[in-house]
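Trainee: Below: sequence and its predicted model.
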2 protein chains.
Amino acid sequence: MAEKVTLFAVAERAGVSIATVSRVVNGLTTNGPTEEKIRRAIDELGYEPNSAARALRVNASDQICLALPDLNNPVYQAMTRGVQRGFKLSKYRLMLSPSLSTTEEVILQLKSLGRNYADGVILSSLVFDEEIEKILSTLRIPVVLVGGAIDRPKYDNIRVDSERGVGMAVDYFFSAGRKKILFLNGPWITNPAKRRKEGFLESMRSHQIKNPENYIANAKAFNPKAAVEALSGIKKLNQFSAILCANDLLAAGAIKFLSGRKIKVPDDIAVIGIDNTDLAGLLTPTLTSVDFKAEYRGELAAKYLLERLENPNLPIKKTIIEPELIIRESA
Amino acid sequence: MAEKVTLFAVAERAGVSIATVSRVVNGLTTNGPTEEKIRRAIDELGYEPNSAARALRVNASDQICLALPDLNNPVYQAMTRGVQRGFKLSKYRLMLSPSLSTTEEVILQLKSLGRNYADGVILSSLVFDEEIEKILSTLRIPVVLVGGAIDRPKYDNIRVDSERGVGMAVDYFFSAGRKKILFLNGPWITNPAKRRKEGFLESMRSHQIKNPENYIANAKAFNPKAAVEALSGIKKLNQFSAILCANDLLAAGAIKFLSGRKIKVPDDIAVIGIDNTDLAGLLTPTLTSVDFKAEYRGELAAKYLLERLENPNLPIKKTIIEPELIIRESA
DNA sequence: CCTCATCATGTAAACGTTTACATGAATTTC
DNA sequence: GAAATTCATGTAAACGTTTACATGATGAGG
């Protein structure tokens, strides 16, 4: 382990003051003949500025925090990639919060942001209540919300038109003459689940279906196994001609389950997923899915945050992503 | 935005010195009656310690850096989850480096670690040369290597017995009477590709196959599309009775490609993947795959790093993960 | 040639903690 | 009951930067 080299060491070696070195490092001074000396000293000593000292002095960490529910879900993996890409060329480092499923976890995470180790945060939470809202308002760093359920007028915001997306899928089923649609939803507490459910009910009603709430099943989690479990519990599965799944993982589970029961997809039952993750093209049959453009949302969130960090007085930006139905074999 | 609250504010409010407050915050003092006062002041003011100041003073950032090649690859997603889990209960925050594919990117990332924004690093690199080795040796923070190609005696190290894993797959094919095996490898520059190739050659030779190097195809990337491209270029595909893929994504592409050509998997051609990612159970047919336990490796890497941070003088730990062949339908 | 502006550089304070050391009160010990 | 010990608290320095201000050199303008 080499001993640590600070501005002092460089200054001494170059025969100047630390202030001058600092200015050269930050490009605040035009090149006197000194600059050359200093640069050489920096190279020879292998000087690297100390982030903590800088952070303390200028009150900026050059880090941003990405707070997500769950890295098991490919949709958040995609979002993470987008965010990563969005920050790639910036000076900011990316912190990954641990998975935040419950309100308590979100709160804890947000509170810890008060320690100013991050200059901004991108928050995508499954839950969103007054308590979280309250903590958000005490944060002294910019926040970009992605997929916040309710309209939050105070924060840059990237939402998805869940209702519309679900509606597109339902419409597509109907246009193919499939009217007996089962909606396989995720855990009902989460915001996406609520929104998607609303979308489903509304859309079904618009097609003159009575009591659409009878055609909803809830999986215990957003994963294939939970889908299989949920579907196993349904008595008269063959009354349905289509299944809309709240997520591609559920759809993957559904397809597995159906083919295990010798039910043909899409001939007997068509299946549509949501999120259009990488998975969709790899399943058999390939999965028709509603694309909510997670990666793009991540990238856009990064862009919004960068812009706000650049200029905190910008007007609040809100974007609603238009979903797109990507048609493949399963429906 | 609330004004910032420091130790001074708390101290003033509680009528004590900042040193006392600091000690209470860090639990260095048994509860006098003062503690109560201080805790109340902290609560009322909503004090949170400033990470940068602390980091500067104690020369520790409470952050660790995870440096990975590519978040598109499910194997690194799994590893990330493992690392996340491993650090969940610790005080450390997790930084995610941008994707590091080339040597230059790795070097740049490692250099930037000299700014001590991280107390340790978990590095999993596709490439590993002297230059990287040199920079590693100048780092003043502990490093855990996961999947470093060559033995690096100086660093905690979690490797996988690639050769053995590939051998298991080959053996399994042979035991099923499939001797005409194609190895669909990834980009040849990367370390995993080299190791897996070696394993394939060696294993094939042990089964008395001459010139096994003739049975290797290289995909341009570790993804399904590249697999399809590579397989399209092979003239007499039906001479083979089995395909071993260097990665589950390649296997997914292979299965798609084969079923597109009406070649039955596994009846006509059996397929085995590597990594046993979440994907494996969702494909049709489900994918037999060599499990290299990526998530576990991530978790173990976190554990090793934590232990070393705790006690820097520990002897170097090396672990070689035993692969396991998870048999499903595709072979 | 004097004045004034310009500019690179140096001086020193500040950012918010932690911690070695000093102090004095409370408690123990003989 | 005096001496010794323990322990909570306070004082102040230090961590490595950035930056407002002062200083002195240089060049321009009259």
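Mentor: Arrived safely, thanks for sending.
Trainee: Show me the helices in chain A, by range?
Mentor: Applying DSSP state H to chain A gives helices spanning A:7-14, A:18-25, A:33-45, A:51-58, A:74-87, A:103-112, A:130-138, A:162-175, A:191-206, A:224-232, A:248-260, A:294-310.
Trainee: For the residue nearest to A:I141 when sequence neighbours are not counted, the count of nearby residues, please.
Mentor: Spatial nearest neighbour of A:I141, chain neighbours left out: A:G120 (5.2 Å); criterion: C-beta to C-beta, 6 or more residues apart in numbering or on different chains. (Glycine included, C-beta is placed from N, CA and C.) Using other C-beta atoms under 10 Å in any protein chain shown, the number of residues around A:G120 comes to 23.
Trainee: go on, the one 10 residues further on?
Mentor: Burial of A:E130, expressed as a neighbour count using other C-beta under 10 Å, amounts to 7.
Trainee: Can you give me the distance of it to DNA strand D?
Mentor: Distance, A:E130 to DNA strand D, by C-beta to the nearest atom of the strand, to the nearest Å: 37 Å.
Trainee: For the stretch 151-300 of chain A, which residues are neighbours of chain B?
Mentor: A:224, A:252-253, A:255-256, A:259, A:278-279, A:281-284 (C-beta under 8 Å from any C-beta of the partner chain).
Trainee: What is the most widely separated pair among the residues you listed?
Mentor: A:S259 and A:D278 (20.5 Å; C-beta to C-beta).
Trainee: Of these two, which one has the most company?
Mentor: Using other C-beta under 10 Å as the criterion, A:S259 and A:D278 rank with A:D278 on top: 19 against 14.
Trainee: which one is the more buried one nearest to, not counting chain neighbours?
Mentor: Closest residue to A:D278 apart from its sequence neighbours, by C-beta to C-beta, 6+ apart: A:P74 at 6.2 Å.
Trainee: Read off the pLDDT value for that neighbour.
Mentor: Here, the pLDDT recorded for A:P74 equals 90.
Trainee: Over to A:G148?
Mentor: On the pLDDT scale, A:G148 is placed at 69.
Trainee: show me the contacts for the residue positioned nearest the centre of chain A.
Mentor: The centre of chain A sits closest to A:M79, judged by C-alpha atoms, centre = their mean, with a distance of 4.3 Å. A:M79 is in contact with A:68, A:124, A:146, A:294-295, A:297-298, A:301, counting by C-beta atoms under 8 Å, 6 or more residues apart in numbering or on different chains.
Trainee: which intervals of the stretch 1-150 of chain A have sub-threshold pLDDT?
Mentor: A:1-2, A:148-150 (pLDDT under 70).
Trainee: before we move on, back to that, nearest to B:V58, of the helices of chain A?
Mentor: Taking C-beta to C-beta, helix A:51-58 is the member of the helices of chain A nearest to B:V58, at 9.3 Å.
Trainee: contact partners of that closest one?
Mentor: Outside helix A:51-58, the residues that touch it by C-beta under 8 Å, 6+ apart are A:61-62, A:116, B:50-53, B:55-56, B:59, B:61, B:115-117.
Trainee: repeat that with 7 Å
Mentor: A:61, B:52-53, B:55-56, B:61, B:115-117 (C-beta atoms under 7 Å, 6 or more residues apart in numbering or on different chains).
Trainee: Would you mind checking which of those is nearest to DNA strand C?
Mentor: Nearest to DNA strand C among the contacts of helix A:51-58, counting by C-beta to the nearest atom of the strand, is B:A53 at 3.4 Å.
Trainee: The closest one: how many residues sit nearby?
Mentor: Look at B:A53: counted by other C-beta under 10 Å, it has 17 neighbours.
Trainee: Enumerate the residues of chain A near DNA strand D.
Mentor: Applying C-beta under 7 Å from any atom of the strand, we find that chain A lies next to DNA strand D at A:4, A:6-8, A:18-19, A:22-23, A:25-26, A:47, A:49-50, A:53-54, A:56-58.
Trainee: List only those of those residues flagged as buried.
Mentor: Among the residues of chain A next to DNA strand D, those buried by neighbour count (16 or more other C-beta atoms under 10 Å in any protein chain shown) are A:6-7, A:22-23, A:25, A:47, A:49-50, A:53-54, A:56.
Trainee: Any chance of those residues in CSV with distance to A:T288 as columns?
Mentor: Output for these, formatted as CSV (distance: C-beta to C-beta, whole Å):
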residue, distance to A:T288
A:T6, 59
A:L7, 60
A:S22, 58
A:R23, 59
A:V25, 55
A:Y47, 56
A:P49, 52
A:N50, 53
A:A53, 54
A:R54, 51
A:L56, 53
